[in-house]
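Student: here is the input, now give the coordinates:
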Amino acid sequence: MTARVVIAARLCAAGAALLLGCGDGASSEDGGARQQPPRSSERDAQTGGEPDGGGDDASSGHDAAPLADAGGAGSSPDPVANDAGLDCAEVTTQLPDDLSCTGLYTDVENKQVASNVREFAPSHELWSDGADKQRWIHLPEGTRIDSADPDDWRFPVGTKLFKEFSWNGKRVETRVFWKTGATLWLKAAYHWNEDETAATRFAGGEVDVAGDSYYIPSAKECDQCHKGRVDRALGFELISLALPGASGMTLTKLIDEDLLTDAPAQTELAIGDDGSGQAAPALGWLHVNCGVSCHNGNPAAEGYASDLRLRLPAEGLDGRSSAEFDTVATTVGVVTQTPRWLGRTLITPGSPEDSWLYVLASTRDPSKPKDQMPPIASRRIDDDGLMQLATWIRGLPATP
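Tutor: Now for the predicted structure:
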């Protein structure tokens, strides 16, 4: 039998979520394929309450700081059009069972994207075990993103984020993240059928893709990472849209179209060097895969208690030295106090093999998910990211 390659398509990069004291994370080892969820009329009402353990798709935001409603009280999601003959009348109150009613496509079979949905790509890719991705955002007409805090944008009610995953050129899933209240985001994954003519809601688990096993995480697993941001959205943020490599709805495009409440003076950012000559690629990789979701200063984030901070500062990327950034200060020459790895040095200048951060990033062991980075939803090593990390470590000047 051909060996099955488990492809963990990840919404959340838990970053180094178990690196320094994070909580337990679910993995694709927790029981294999799950059943399709009940029809929406039989599920929970998806109110602002705390989701329970099964098939949840609503997050109240109770474990993040209180959110401002940038869209204004009483904002209503836009109507949805589709050509699949489906009744999409109730999509303003709950997520539909069919992708056709989410507002991404007006013609699913021919992959015609709605005109009010805008494509974007961040400067640094979130590692998803090699899956190819496309991303889109929908902002309700007449609204703007509250960008007063450059490190934590707040989105208007009605915002929708879409991410579509393909493996070996075949669509597998599309994830939808939809803000329906001041502190409420609904989320769901839609699994594509064999001929890619339709996609329906899927609760999470392993699916077959031409003989390979592909893992679609549950909404509850994804929330482990999304709770690390005040307003839950991860990939659509100032740094990822302003560093070199971003495309589509970049920071410049948002400003040009007056879609931000507070436009920053600098629209093109740059990660300065720290003396290694190789800081920018590694620090950008750590920011997206570890810092945005987990290891940052948000008390709700999984990695908050560890004091490891891998998120870049939005107002510090003007080319200045990155030697004083938290990413460097909390890793280089730092010995972890986490009981599980007590005494390990996170980054040992000149030696990736003696750097515990590198060791965790280069490990994949399904039997010991806590000893790898990220600890959930990944079975394959990011070779390019690992090379960037190793190159940076080798170039670091020795610490006293």
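Student: helices or strands up against the longest strand along the chain?
Tutor: Counting residues, the longest strand found in the chain (DSSP state E) is strand 170-181. Other elements packing on strand 170-181 under the criterion 3 or more CB pairs under 8 Å, 6 or more residues apart in numbering; DSSP states H and E are strand 160-167, strand 184-192, strand 199-202, strand 205-209, strand 212-216. C-betas here are computed from N, CA, C, even on glycine.
Student: quick check: mean pLDDT of it?
Tutor: Taken as a whole, strand 170-181 has a mean pLDDT of 95.
Student: neighbouring strands of that strand in the sheet, and parallel or not?
Tutor: strand 160-167 (antiparallel), strand 184-192 (antiparallel) (DSSP bridges).
Student: before we move on, back to that, so which of the helices and strands packed on strand 170-181 comes closest to Ile255?
Tutor: strand 160-167 (19.5 Å; CB to CB).
Student: CA atoms of the closest one as CSV?
Tutor: What follows is strand 160-167, C-alpha atoms only, in CSV (Å, rounded to 0.1, in the frame of the first residue of the first chain):
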residue,chain,number,x,y,z
LYS,A,160,-15.5,38.0,6.2
LEU,A,161,-12.1,36.3,5.7
PHE,A,162,-11.7,33.3,3.4
LYS,A,163,-8.8,30.9,3.0
GLU,A,164,-8.8,28.1,0.4
PHE,A,165,-6.4,25.2,0.6
SER,A,166,-5.3,23.0,-2.3
TRP,A,167,-3.1,20.0,-2.3
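Student: that strand: which residues count as buried?
Tutor: The neighbour-count check on strand 160-167 (16 or more other CB atoms under 10 Å) flags Lys160, Leu161, Phe162, Lys163, Glu164, Phe165, Ser166, Trp167 as buried.
Student: which residues does the second one form beta bridges with?
Tutor: Leu161 forms beta bridges with Ile137, Phe177, as assigned by DSSP bridges.
Student: wait, it touches Thr174, no?
Tutor: No - if you go by CB atoms under 8 Å, Leu161 and Thr174 don't touch, sitting 11.1 Å apart.
Student: returning to what we had before: angle of the longest strand of the chain against strand 212-216?
Tutor: 0 degrees (axes from the mean of the first three to the mean of the last three CA atoms, to 10 degrees).
Student: can I get the strands paired with strand 170-181 in CSV including mean pLDDT and distance to Thr327?
Tutor: CSV is the format used below for the strands paired with strand 170-181 (pLDDT from 0 to 100; distance: least, CB to CB, whole Å):
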stretch, mean pLDDT, distance to Thr327
strand 160-167, 96, 25
strand 184-192, 94, 27
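Student: of these, which is nearest Val113?
Tutor: strand 160-167 (9.1 Å).
Student: gap between the closest one and the chain center?
Tutor: Put simply, strand 160-167 sits 11 Å off its chain's centre (CA atoms, centre = their mean, to the nearest Å).
Student: who's in contact with that strand?
Tutor: The contact list for strand 160-167 (CB atoms under 8 Å, 6 or more residues apart in numbering) reads 7, 9, 11, 77, 102-104, 117, 128, 130-138, 171-179, 209, 212, 214, 233, 235-236.
Student: 7 Å - rerun?
Tutor: The contact list for strand 160-167, computed with CB atoms under 7 Å, 6 or more residues apart in numbering, reads 7, 9, 11, 103-104, 128, 131-138, 171-178, 209, 214, 233, 236.
Student: just the buried subset of the residues you listed, please.
Tutor: Applying 16+ other CB under 10 Å to the contacts of strand 160-167 flags 7, 9, 11, 103-104, 128, 131, 133-138, 171-178, 209, 214, 233, 236 as buried.
Student: what mean pLDDT does the helix ranked longest in the chain get?
Tutor: Secondary structure of the chain per DSSP state H: the longest helix is helix 383-395. The pLDDT scores in helix 383-395 average 97.
Student: who are the packing partners of that helix?
Tutor: Applying 3 or more CB pairs under 7 Å, 6 or more residues apart in numbering; DSSP states H and E, one finds that helix 383-395 makes contact with helix 279-286, helix 356-361.
Student: give the buried residues for that helix.
Tutor: Gly385, Leu386, Gln388, Leu389, Ala390, Thr391, Trp392, Ile393, Gly395.
Student: now swap in stretch 270-279 and tell me
Tutor: Buried residues in stretch 270-279 (16+ other CB under 10 Å): Ile271, Gly272, Asp273, Asp274, Ser276, Gln278, Ala279.
Student: just the terminal-to-terminal distance for stretch 230-239.
Tutor: Start and end residues of stretch 230-239 are separated by 16 Å (CA to CA, to the nearest Å).
Student: strands of the chain, residue ranges please.
Tutor: In the chain, the strands defined using DSSP E lie at 7-8, 58-59, 105-107, 112-113, 118-121, 132-138, 160-167, 170-181, 184-192, 199-202, 205-209, 212-216, 247-248.
Student: can I get the ones you listed in CSV with distance to Asp149?
Tutor: Below are the strands of the chain laid out as CSV (distance: least, CB to CB, whole Å):
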stretch, distance to Asp149
strand 7-8, 32
strand 58-59, 20
strand 105-107, 33
strand 112-113, 30
strand 118-121, 20
strand 132-138, 19
strand 160-167, 19
strand 170-181, 17
strand 184-192, 18
strand 199-202, 33
strand 205-209, 37
strand 212-216, 32
strand 247-248, 23
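Student: looking at the ones you listed, which is closest to Ile381?
Tutor: Nearest to Ile381 among the strands of the chain is strand 7-8; the distance by CB to CB comes to 11.7 Å.
Student: for Ser147, which non-adjacent residue is closest in space?
Tutor: Using CB to CB, 6 or more residues apart in numbering and skipping residues adjacent in sequence, the residue nearest Ser147 is Leu260, 4.2 Å away.
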